[in-house]
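[1] sequence plus predicted model, see below.
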Amino acid sequence: MRQTAVLDVRQFLDEHTLSRFQVLVAVVCGAIAFMDGYDVQSMGFVAPAVSASLHIARAAMGPLFSSGLVGMMFGALLFGTLADRFGRKPILLACTLIFGVMSLMTATADSLRTFAIYRLMTGFGLGGAMPNAIALTAEFTPKKYRSIAVTLMFCGFSIGAAVGGFVAAGLIARYGWQSVFFVGGAVPIAIALSAAALLPESIRFLLLKGGQENRVAAYLARISRDSARYAELVAGADEHASHGFTVKQLFKEGRA
């Protein structure tokens, strides 16, 4: 087939209906969001058991909750920036592995201090995973379905947090509070390893990076064979202009 014209990738994605490939991206990101929600709430599930097991006064449990939230804040800021430089897929996988591994480490905590440190590090991964999962889902979803796709994907977070309570109740009763973190660590690691093979890199990132046209073409072919008709791929009319936008620019030209 003869290749002609230029393909605006953003327009191409918006004009085509959802493919199985795009649904797969949302499902995998939703699975990560599910475990993100589970791990964010895990401290609340185990707090009474941890307090009794490690002989920590309930009034002193505050740092165990706040350390995770602090980690999430800095994780979101740090890994959002790193994703713009290194790609959404590797950062999303790294964040998932971080909160998986650190959840496993939390199960070995034997003092208030070590527990707080492990929760802080877990928070880094939790905070960095969600923004990149949302961004990757949005970038691969047609405009018509983007809002509902991102909403459903994000529901994985709420479902994970809710289901986690029932799971934790059974685990703690049978295996102790440590088992909640073993599950919260092993499952994300398994998901990350699977996602390494299943998830694509952000098409926008690859095109702005340059030299990745064959890889992008392979992704587009999984969405629609129509993409094979085009000889040149571009990210979109406004993508290059917006790449590298800084926080400082928000306060220029009357924006704020």
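    Done, it's in.
[2] can you get me a residue count around residue 111?
    Under the neighbour criterion other CB atoms under 10 Å, residue 111 is assigned a count of 11. Where C-beta positions appear, they are placed from N, C-alpha and C, glycine not excepted.
[3] give me the buried positions along the one helix or strand residue 174 maps to.
    Secondary structure from DSSP states H and E places residue 174 in helix 143-175. For helix 143-175, burial by neighbour count (16 or more other CB atoms under 10 Å) applies to 145-146, 149-150, 153-154, 156-157, 160-161, 164, 167-168, 171-172.
[4] wait, which of those is closest to residue 89?
    Using CB to CB, residue 153 is the member of the buried residues of helix 143-175 that sits closest to residue 89, with 15.5 Å.
[5] quick revisit: determine the set of other helices and strands touching the helix holding residue 174.
    Counting contacts by 3 or more CB pairs under 8 Å, 6 or more residues apart in numbering; DSSP states H and E, helix 143-175 packs against helix 20-53, helix 112-140, helix 178-198.
[6] beyond the longest one, next helix or strand please.
    Using DSSP H and E, the helix or strand that follows helix 20-53 towards the C-terminus is helix 62-86.
[7] list the buried residues in that following helix.
    63-64, 67-68, 70-72, 75-76, 79-80, 82-84.
[8] let me know the next secondary structure element after that helix.
    helix 88-106.
[9] low-confidence ranges, this structure, go.
    Low-confidence segments of the chain, defined by pLDDT under 70: 1-7, 225-256.
[10] go with 80
    Residue ranges of the chain with pLDDT under 80: 1-10, 12, 16, 210-213, 224-256.
[11] now for the residue lying closest to residue 168 once chain neighbours are set aside: which residues touch it?
    In space, residue 168 comes closest to residue 45 once its chain neighbours are excluded; the distance is 3.6 Å by CB to CB, 6 or more residues apart in numbering. The contact partners of residue 45, by CB atoms under 8 Å, 6 or more residues apart in numbering, come to 164-165, 168-169, 172, 180.
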